[in-house]
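# With the input below, show me the fold.
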Amino acid sequence: MTNKPADISIAVVIPAFNEENAIGKVLNDIPKEWVDGVVVVDNNSSDSTKEKAKEYGAIVLEEPFQGYGASCLCGINYLMDQDIVADIIVFLDADYSDFPEELPKIVEPILTQQMDMVIGSRALGNREPGSMTVPQIFGNWLATKLLRVFFGVSYTDLGPFRAITTKALNSLQMQDKTYGWTVEMQVKAAKMNLKTTEVPVNYKNRVGVSKISGTVKGTVLAGYKIIQTIFKYA
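Residues are numbered from 1 along each chain as shown. The predicted structure is shown next:
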């Protein structure tokens, strides 16, 4: 699909914490003809992330509670409060490890196959060497195996680059405010029998150092929360 249908509205939510060197690149590479609005949720950054995002035309919100899920929820709540609510919401990281120009590929199955949710799979795409740590790769493998065992769904990744219809997102009643956000969405989608699929996405080394996988503490906490979330809903 080369063009977005005129009657479909797409919004993007980007959680951001200290990404002043990356956020401009991310926003610049989002295909403008496909997007009706971009919301950057600043999560207590101590650098100029907010200012950079505003320079590139994004709507900038502030979420004081430190957490990936909290930032996503903040962006969702803002979008749901608009006079015209977007039909599809895309989630994208602020560290420039994803390829924002692949957004049309992420939303296409929703537009052409009536899917409710699409996960961008780094496992199916091309990963730049070093872009994912060994614990990340193992954690994704383990989590997706558990999703298959407990919920009967086949995923290859918990990738943050994803799209979901607003109707489906509302039905999930998302709650997690930290590292369990992505897997909570996939678990709940499975339990509600939503139509989901994966598409291959490419992945590169992020700008700067990861606040999660770049530290032992962050890796352990993220892994624990992901597994805990799976067993919570099993």
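# Could I get the full set of strands for the protein?
10-16, 37-42, 59-62, 88-91, 117-121, 162-165, 196-200 (DSSP state E).
# How about the contacts made by the residue lying closest to R122 once chain neighbours are set aside?
Counting by C-beta to C-beta, 6 or more residues apart in numbering, R122 lies nearest to Y203, which is 4.3 Å off, once chain neighbours are set aside. No exception for glycine: its C-beta is placed from N, CA and C like everyone else's. For Y203, the contacting residues are S97, D98, F99, R122, G125, N126, R127, E128, S131, M132, by C-beta atoms under 8 Å, 6 or more residues apart in numbering.
# and the nearest residue to the fifth one once chain neighbours are set aside, how many neighbours?
In this case it means G125. Nearest non-adjacent residue to G125, counting by C-beta to C-beta, 6+ apart: P200, 3.8 Å away. The number of residues packed near P200 is 16, by other C-beta atoms under 10 Å.
# wait, P200 sits on V118?
No: counting by C-beta atoms under 8 Å, P200 does not reach V118; the two are 11.3 Å apart.
# Need the strands of the chain in TSV (columns: distance to G208).
As requested, those are exported to TSV (distance: least, C-beta to C-beta, whole Å):
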stretch	distance to G208
strand 10-16	12
strand 37-42	16
strand 59-62	19
strand 88-91	20
strand 117-121	21
strand 162-165	22
strand 196-200	25
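# any chance of those strands in TSV, with mean pLDDT and distance to N3 too?
As requested, those are arranged in TSV below (pLDDT from 0 to 100; distance: least, C-beta to C-beta, whole Å):
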stretch	mean pLDDT	distance to N3
strand 10-16	98	12
strand 37-42	98	18
strand 59-62	98	24
strand 88-91	98	15
strand 117-121	98	18
strand 162-165	98	17
strand 196-200	98	18
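# Select, out of those strands, the one closest to L111.
strand 88-91 (8.2 Å; C-beta to C-beta).
# Within its sheet, name the partner strands of the closest one and how each one runs.
When pairing is defined by DSSP bridges, strand 88-91 lines up against strand 10-16 (parallel), strand 162-165 (antiparallel).
# neighbouring contacts of that strand?
For strand 88-91, contacts defined as C-beta under 8 Å, 6+ apart pick out 8-15, 35, 72, 76, 79, 103, 106-107, 110, 160-166, 169.
# Buried subset of those residues as a PyMOL selection?
To isolate the buried ones among the contacts of strand 88-91 in PyMOL, judged by 16 or more other C-beta atoms under 10 Å, type:
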select buried, resi 9+10+11+12+13+14+15+35+72+76+79+103+106+107+110+160+161+162+163+164+165+166+169
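# sorry, back to before: show me which of the contacts of Y203 is closest to R148.
Checking these one by one against R148 (C-beta to C-beta), the nearest turns out to be R122, at 17.8 Å.
# Make sure the closest one is actually in contact with V201.
Yes: between R122 and V201 there is a contact at 6.2 Å, judged by C-beta under 8 Å.
# what sits in contact with each of those two?
G159.
# Give me the local confidence score for G223.
pLDDT, G223: 78.
# hang on, isn't it packed against T133?
No: G223 lies out of contact with T133 (C-beta under 8 Å); the separation is 11.2 Å.
# Before I go, just wanted to say thanks for your time.
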